[in-house]
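A.B. asks: Kindly generate the corresponding structure for this input.
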Amino acid sequence: MFDTRTGNALTCQSAQAFALYQTAIDLILGSESGAAETLNRALELDENFALAAAARYFVARDVGETGGEAYRALAEQAALRTSGWEQAHIEALIGLIDRPMATREVQSYVASCPADLLVVSKLAGNLFFYGGATKLEDVLDIFEASAAVLGNDWALLARLGFAASEAGQRQRGRRLIERALQIRPQALYSIHALAHLLHDDGAAEESARLLQDWLDEHEAGAREGQMYGHVQWHLALSEWQTGAREAAMQRYFTYCAPATTTCGPVLALADCGGFLLREYLQSLQAAPLRPDVVGHIEYVWPMMGHPFIALHVAGLYATAGDVIALERCAETIADTPAGDNRDVSLVLVQALNDFVQGDYPAVVKGLSALSPAARISIGGSNVERILVDLLEQRSKDLEATD
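C.D. replies: Just a heads-up that it's a prediction; the model follows:
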């Protein structure tokens, strides 16, 4: 039995379990419903299926499921009876999950096995978050190497298209993503990638139409997918941008808020913070944070030293007009290790504090100190950089009217 993408042999005692594993990997790469259940069935058929256990650990950690450590332990124990490639795959995957900033040691494995798309995808995701100013080019290079061996693989095309569009290759990126959707139209990951591209292009009306059409056709098989709440967020944002703000807010609360989303903790924070901060920047009407938002902030608080987390947590406190909480954010970040992350995080928090207090010139001055490289290093995608741009532009507009 040979892995579909790498062509490497897998250690598995059940042909049915092997088939289920292959199906589950596509579900994971598509962010579609059923990956956990499919892997559970594979492990019932072969309780020592090391790669299935590692993939199950990946799913558990991706969505914030409790008890995932049992799958890691099983994968590591079962790996002792597998091939060298399987051991390297498991070590790389678990390493990226448990130590997301430790990407360099995994890159040599990816260079030797660029068709291992689960590991490649996880590495790219970590680089988008932790990769600093060079992440756009680095991620694109990684997927270009995978494309050389995977060719017309739908999951690779979607990721290469997303990476290309993030790196500024907009037309190429769209062609690749649309090709991925033609091959596997139900993939949440692929429609999410197209939604990002349309957002960055300012095509809110087209985005709303395409996303609603996609949901009308594929929602039934997507509702438990890890990115389902995020795709609904893109639709809510598109509705909000086209003036359907009441419908957008209702969609946000139904599908995208921390209490209702299917997304993992970091993406849930980004969707929550990004949506509510946009609404606040437009309306200038502060509102108390709901209990699910407060609880989510507490969950991610240990990561406050990262600019991505700082931006969204401080953004949420800004929407509540909570200057005391914003000052607590700054104090917490000031206690983190010195470096670029701390500096950028402090600038973002101070800018949001200044905005809440109506000191719009200070916002503009503070954010003007962030170079393009520093803005890229915030983490995440171009959506985050646009959010910072919106804060800066709104401050300029308000300063001009004073």
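A.B. asks: CA only for contacts and neighbour counts going forward, please
C.D. replies: Noted.
A.B. asks: quick check: domain ranges of the chain?
C.D. replies: 1-98, 264-402 (automatic domain parsing).
A.B. asks: and the residue lying closest to Pro361 once chain neighbours are set aside, how many neighbours?
C.D. replies: Leaving out its chain neighbours, the residue that sits closest to Pro361 by CA to CA, 6 or more residues apart in numbering is Glu399, at 6.4 Å. If you count neighbours by other CA atoms under 10 Å, Glu399 ends up with 16.
A.B. asks: would you list the domains of the chain in CSV and tack on mean pLDDT and distance to Ala147?
C.D. replies: Formatted as CSV, the domains of the chain follow (pLDDT from 0 to 100; distance: least, CA to CA, whole Å):
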stretch, mean pLDDT, distance to Ala147
domain 1-98, 95, 11
domain 264-402, 96, 21
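A.B. asks: Compare those domains and give me the one nearest Ala164.
C.D. replies: Ranking the domains of the chain by their distance to Ala164 (criterion: CA to CA) puts domain 264-402 first, at 12.0 Å.
A.B. asks: gap between the closest one and the chain center?
C.D. replies: Averaging C-alpha positions (CA atoms, centre = their mean, to the nearest Å) puts domain 264-402 18 Å from its chain's average.
A.B. asks: now for the host helix or strand of the residue nearest to Pro361, which elements pack on it?
C.D. replies: Following DSSP states H and E, one finds Glu399 within helix 382-401. The contact analysis (3 or more CA pairs under 8 Å, 6 or more residues apart in numbering; DSSP states H and E) places helix 382-401 against helix 188-200, helix 265-283, helix 360-368, helix 372-376.
A.B. asks: C-alpha coordinates for the third one, CSV please?
C.D. replies: Included here for helix 360-368 are C-alpha records, laid out as CSV according to Å, rounded to 0.1, in the frame of the first residue of the first chain:
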residue,chain,number,x,y,z
TYR,A,360,-5.8,60.4,15.6
PRO,A,361,-2.5,62.2,14.8
ALA,A,362,-0.7,59.8,17.3
VAL,A,363,-2.2,56.8,15.5
VAL,A,364,-1.0,58.0,12.1
LYS,A,365,2.5,58.8,13.5
GLY,A,366,2.8,55.5,15.3
LEU,A,367,1.7,53.3,12.4
SER,A,368,3.8,55.3,9.9
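A.B. asks: At the geometric centre of this structure, which residue sits there?
C.D. replies: Leu267 (5.2 Å; CA atoms, centre = their mean).
A.B. asks: about what we covered before: which residues sit against the helix holding Glu399?
C.D. replies: By CA atoms under 8 Å, 6 or more residues apart in numbering, the residues outside helix 382-401 that reach it are 166, 196, 199-200, 274, 278, 281, 308, 355, 360-361, 363-364, 367, 375-376, 378.
A.B. asks: Same question for Ala338, what's its three-state structure.
C.D. replies: The local conformation at Ala338, judged by DSSP: H, G, I helix; E, B strand; the rest coil, is coil.
A.B. asks: Mind putting the helices and strands packed on helix 382-401 into JSON lines with distance to Gln226?
C.D. replies: Output for the helices and strands packed on helix 382-401, formatted as JSON lines (distance: least, CA to CA, whole Å):
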{"stretch": "helix 188-200", "distance to Gln226": "8"}
{"stretch": "helix 265-283", "distance to Gln226": "10"}
{"stretch": "helix 360-368", "distance to Gln226": "33"}
{"stretch": "helix 372-376", "distance to Gln226": "25"}
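A.B. asks: Now do the helix holding Glu399 and helix 265-283, the angle between them.
C.D. replies: Between helix 382-401 and helix 265-283, the angle comes out at 20 degrees (axes from the mean of the first three to the mean of the last three CA atoms, to 10 degrees).
A.B. asks: For helix 382-401, C-alpha coordinates in PDB please.
C.D. replies: What follows is helix 382-401, C-alpha atoms only, in PDB (Å, rounded to 0.1, in the frame of the first residue of the first chain):
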ATOM      1  CA  ASN A 382      -2.800  40.300   3.700                       C
ATOM      2  CA  VAL A 383      -6.200  40.500   5.500                       C
ATOM      3  CA  GLU A 384      -4.300  41.600   8.600                       C
ATOM      4  CA  ARG A 385      -2.200  44.200   6.800                       C
ATOM      5  CA  ILE A 386      -5.300  45.600   5.300                       C
ATOM      6  CA  LEU A 387      -6.800  45.900   8.700                       C
ATOM      7  CA  VAL A 388      -3.900  47.900   9.900                       C
ATOM      8  CA  ASP A 389      -4.200  50.100   6.700                       C
ATOM      9  CA  LEU A 390      -7.900  50.600   7.600                       C
ATOM     10  CA  LEU A 391      -7.000  51.800  11.100                       C
ATOM     11  CA  GLU A 392      -4.400  54.200   9.700                       C
ATOM     12  CA  GLN A 393      -6.700  55.600   6.900                       C
ATOM     13  CA  ARG A 394      -9.600  56.000   9.300                       C
ATOM     14  CA  SER A 395      -7.400  58.000  11.600                       C
ATOM     15  CA  LYS A 396      -6.300  60.200   8.800                       C
ATOM     16  CA  ASP A 397      -9.900  60.800   7.700                       C
ATOM     17  CA  LEU A 398     -10.900  61.700  11.300                       C
ATOM     18  CA  GLU A 399      -7.900  63.900  11.800                       C
ATOM     19  CA  ALA A 400      -8.800  65.800   8.600                       C
ATOM     20  CA  THR A 401     -12.400  66.500   9.900                       C
END
